[in-house]
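Sequence and predicted model, in that order:
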Amino acid sequence: MLAVDPGATIAAIAAEAGVDRRTVYRRFASREELLAAIYEARYDAVQRAVDRARLREAPVAVALHRYVEEIIEVNRTWPVELTRLRSDDAIRERRDALIGEVEDFLRRATDEGLLRADLPLAWASSLLPQLMHLASQQLPGLSAARAADVVVDSFLRGLGPR
């Protein structure tokens, strides 16, 4: 609901969940506390995705596909508006640490020849999350695994003819 309407009230959220707003307030003292819990849960899921992808030890192509598939699933499960993620210090620190892990992986992918060394790492680091986000939204009829196939192929080979 918050993905569709980031300004949704606690009363509207409670109604959508089929509970009284007092039930929500018993668990979360404020709307901000509810949002913080949502973002925390999203980042728990992202951390699990990074861990399961085994970015440091799995073969690069395998790790890339696992990571993309897992993140597409996270994006579909937790489709929240991400602007707030950059304004909260604790959330931003956690986000930055996860981005660092992925950037280390992309360096490894470049060193091992999976990515072009003549392009800035920042380009790959910016492009990959955008592709995963688009796949999460624009390919709803595909499983996360199939959507990951599309993302990885587009990321590694572009959209030109083969």
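Right, received. Where do you want to start?

How is the closest residue to residue 40 other than its chain neighbours assigned, secondary-structure-wise?
Closest residue in space to residue 40, ignoring its immediate chain neighbours: residue 91 at 7.6 Å, by C-beta to C-beta, 6 or more residues apart in numbering. From N, CA and C alone the C-beta is placed, and that goes for glycine too. Using DSSP: H, G, I helix; E, B strand; the rest coil, the secondary structure recorded for residue 91 is helix.

Wait, residue 91 touches residue 41, no?
No - contact between residue 91 and residue 41 fails when scored by C-beta atoms under 8 Å: they sit 11.5 Å apart.

So if I had to pick from those two, which one is more boxed in?
Shown here are residue 91 and residue 41; by other C-beta atoms under 10 Å, residue 91 has more neighbours (19 against 13).

For residue 42, the count of nearby residues, please.
With other C-beta under 10 Å as criterion, residue 42 counts 20.

Please put the alpha-carbon coordinates of the host helix or strand of it into PDB.
Assigned by DSSP states H and E, residue 42 falls within helix 31-53. The C-alpha coordinates for helix 31-53 follow below in PDB (Å, rounded to 0.1, in the frame of the first residue of the first chain):
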ATOM      1  CA  ARG A  31       3.900   6.200  11.400                       C
ATOM      2  CA  GLU A  32       7.600   6.900  11.400                       C
ATOM      3  CA  GLU A  33       8.200   3.800  13.500                       C
ATOM      4  CA  LEU A  34       6.100   1.700  11.100                       C
ATOM      5  CA  LEU A  35       8.100   3.000   8.100                       C
ATOM      6  CA  ALA A  36      11.400   2.300   9.900                       C
ATOM      7  CA  ALA A  37      10.300  -1.300  10.500                       C
ATOM      8  CA  ILE A  38       9.300  -1.700   6.900                       C
ATOM      9  CA  TYR A  39      12.700  -0.400   5.700                       C
ATOM     10  CA  GLU A  40      14.500  -2.500   8.200                       C
ATOM     11  CA  ALA A  41      12.700  -5.600   7.000                       C
ATOM     12  CA  ARG A  42      13.500  -4.700   3.400                       C
ATOM     13  CA  TYR A  43      17.200  -4.400   4.200                       C
ATOM     14  CA  ASP A  44      17.100  -7.700   6.100                       C
ATOM     15  CA  ALA A  45      15.800  -9.200   2.900                       C
ATOM     16  CA  VAL A  46      18.500  -7.500   0.800                       C
ATOM     17  CA  GLN A  47      21.200  -8.700   3.200                       C
ATOM     18  CA  ARG A  48      19.900 -12.300   2.900                       C
ATOM     19  CA  ALA A  49      20.000 -11.900  -0.900                       C
ATOM     20  CA  VAL A  50      23.600 -10.700  -0.800                       C
ATOM     21  CA  ASP A  51      24.500 -13.600   1.500                       C
ATOM     22  CA  ARG A  52      22.800 -16.200  -0.600                       C
ATOM     23  CA  ALA A  53      24.400 -15.000  -3.800                       C
END
